[in-house]
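Engineer: My questions concern the predicted model and sequence given below.
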Amino acid sequence: MTDNQANAAGPEALKPKSSSGLLDPVTGSIRLFRRWWRMVVRADVEQQAVIDKVREDSGFTPHFAFMTSMSAGIAILGLLLSSPAVVIGAMLLSPLMGPIMGAGFALAVGDSAWLRESGKAIVLGSIISILFAGLVVTLSPLQTVTAEIAARTRPNLFDLLVALFSALAGAYAMIRGRMGTIVGVAIATALMPPLAVVGFGLATFNWAVFGGSLLLFFTNLMTIALTATAMAWLYGFRSYLSERQSQFQIAAMVVVFIALAIPLGLSLRQIAWEANVSRSANGYIKDQFGKRASVSQIEIDFAADPITVNATVFTPTIIAGAAEQSSRVLSRSLGRSITVNVDQFKVETGEDARSAELAAAKTQAQAREAEIQVTRLRENLALIAGVSVDDVTLDSNKRRAVVVAKPLPGATLASYRALEQRVASAAKGWIIRLQPPAIALPVVRIANGAVDPASGDNLDVIIWASERIGLPLGMSGTAPDRAVAREALMARNIVVAEEFDRGISDAGTRFRWLAPTDSAGPAQ
């Protein structure tokens, strides 16, 4: 280069070129990927067709209300029966995924009318599901918290992740036109069962169940909707919002996810800690007694203060102070005050320990079955007597159940007797006593100096009611008729306290209840 050329080039031409940045290959790859995504992946997405399909499934219609009710009914029955198969059937019927996805897409494109329509469907569908499930629980004799119900009352961070992955799959299925996948998404996120459990908690006034299941449903709802929004943005669905409004949307979504993740993460941390306590307690007690011993079961009460661990051990050698030693070691290693109770049963060999453990497991299973039977018996008696389960008296040792019934509209003493017999036939080996209210006693007709066969059932009802209620009886009728009825009652150890000489027009005897101190008086 000549001097003149150098001078003409100026100082910029003489400045050495800077070397390429270290991140240039990365940024270049990102630009290429974005270009490929925009020109290849987004290009074959028919946005209007997707929006029309999602909008079609987003609104509240009579069909939506009916299917939501039926899904809620099936879900709560499956939960009460603790049947996963029935619960899955309810998920397949549930139409709630439609409006939730619709809300997500409406949020992405900034369509406020569509968002209001989807929100209305979500709110009304949720209310219908909760109320219908609550109605089924109210009418059901089974109102115990089953394993399926309990599983949906303690949401954690994993539930949020399940909803997130399911929402990604669901939004992708909608955008790419593979709607069959939505069935699997509905199963994975389980939108309907948490709502059914909310109805259970409302019907039974169990606010712990109510709150836990409501949080689980809200977690699934928000995660699905916001993930659908993000997927719609990713696939280039056009937004009517300004750049500032879009940025505000993104910030709000991040805040919601964090707000959900914090309590769910704390819940997961607590669950993990409890699992660690259970694992540590089980491991230390096993190590303390050696390989020849067998730990049959360990039950931990985390609600107690201090935390209580109850263990059953079959061992060839009884170890004195095992419970105290375990309490000290576990309290020190876990940093919490823990009380350990160890029931030791002496066996000769390891084989004996395994046999004893099997026998104990069998006994425990039988005890659980007996407990279930007692619970169902109590609920059935409370239902037919029109009282709460707390008003039913049960003696498991003597296998005896007693309940005092409330007056039921239109019910006679014969009706109460039939109800008692029905419960007794289903509770083999139990003595069932249903005490009816002191309502009108039936007439016993006398024919040819004997109880009319047509009145035999009436006489049995009077004897049954007298044994249950325990009040003295008054009897009206002619002297011959009273003598026949008195003899029939005395044969069953029933004594008539007062008799009134008054003829009955249809030839028979009429009975009434007397107060414990009643004396002779006019017949009724």
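Structural biologist: In hand now; what should we look at?
Engineer: you'd agree residue 313 is up against residue 343?
Structural biologist: Yes - with contact defined as C-beta atoms under 8 Å, residue 313 reaches residue 343; the gap is 7.0 Å. C-beta coordinates here come from the backbone N, C-alpha and C atoms, glycine included.
Engineer: quick one: which of the two has more around it?
Structural biologist: Taking other C-beta atoms under 10 Å, residue 313 and residue 343 do not tie; residue 313 has more neighbours (25 against 12).
Engineer: what phi and what psi does the backbone show at that one?
Structural biologist: Backbone torsions of residue 313, given as degrees, to the nearest 10, read phi -130, psi 130.
Engineer: mind listing what it touches?
Structural biologist: 285, 289, 293-296, 322, 342-345 (C-beta atoms under 8 Å, 6 or more residues apart in numbering).
Engineer: Any chance of these in a markdown table with distance to residue 163 and pLDDT as columns?
Structural biologist: Below are these laid out as a markdown table (distance: C-beta to C-beta, whole Å; pLDDT from 0 to 100):
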| residue | distance to residue 163 | pLDDT |
| --- | --- | --- |
| 285 | 38 | 81 |
| 289 | 44 | 79 |
| 293 | 44 | 72 |
| 294 | 41 | 73 |
| 295 | 37 | 72 |
| 296 | 38 | 67 |
| 322 | 45 | 82 |
| 342 | 42 | 82 |
| 343 | 43 | 80 |
| 344 | 46 | 75 |
| 345 | 46 | 75 |
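Engineer: Now residue 206: phi and psi?
Structural biologist: Torsion angles at residue 206 (phi, psi; degrees, to the nearest 10) stand at phi -100, psi 90.
Engineer: what's the closest non-adjacent residue to the residue minimising distance to the centre of the chain?
Structural biologist: In the chain, the centroid-proximal residue (C-alpha atoms, centre = their mean) is residue 149; its distance is 2.4 Å. Distances taken as C-beta to C-beta, 6 or more residues apart in numbering place residue 79 nearest to residue 149, at 5.0 Å, with adjacent residues excluded.
Engineer: who touches the one you found in this structure?
Structural biologist: Shown in contact with residue 79 (C-beta under 8 Å, 6+ apart): 87, 146, 148-149, 152, 193, 196-197, 200.
Engineer: Show me just the buried residues among those residues.
Structural biologist: Among these, those buried by neighbour count (16 or more other C-beta atoms under 10 Å) are 87, 148-149, 152, 193, 196-197, 200.
Engineer: Count the neighbours of residue 251 for me.
Structural biologist: Neighbourhood size, residue 251 [other C-beta under 10 Å]: 10.
Engineer: what about the strands in this structure?
Structural biologist: With strands called from DSSP state E, the chain shows them at 294-301, 307-315, 338-346, 393-395, 400-404, 431-435, 444-447, 450-451, 473-477, 496-501, 508-513.
Engineer: Generate JSON lines for these, with distance to residue 108 as supplementary columns.
Structural biologist: Converted to JSON lines, the strands of the chain look like this (distance: least, C-beta to C-beta, whole Å):
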{"stretch": "strand 294-301", "distance to residue 108": "46"}
{"stretch": "strand 307-315", "distance to residue 108": "48"}
{"stretch": "strand 338-346", "distance to residue 108": "51"}
{"stretch": "strand 393-395", "distance to residue 108": "58"}
{"stretch": "strand 400-404", "distance to residue 108": "59"}
{"stretch": "strand 431-435", "distance to residue 108": "62"}
{"stretch": "strand 444-447", "distance to residue 108": "80"}
{"stretch": "strand 450-451", "distance to residue 108": "83"}
{"stretch": "strand 473-477", "distance to residue 108": "79"}
{"stretch": "strand 496-501", "distance to residue 108": "83"}
{"stretch": "strand 508-513", "distance to residue 108": "74"}
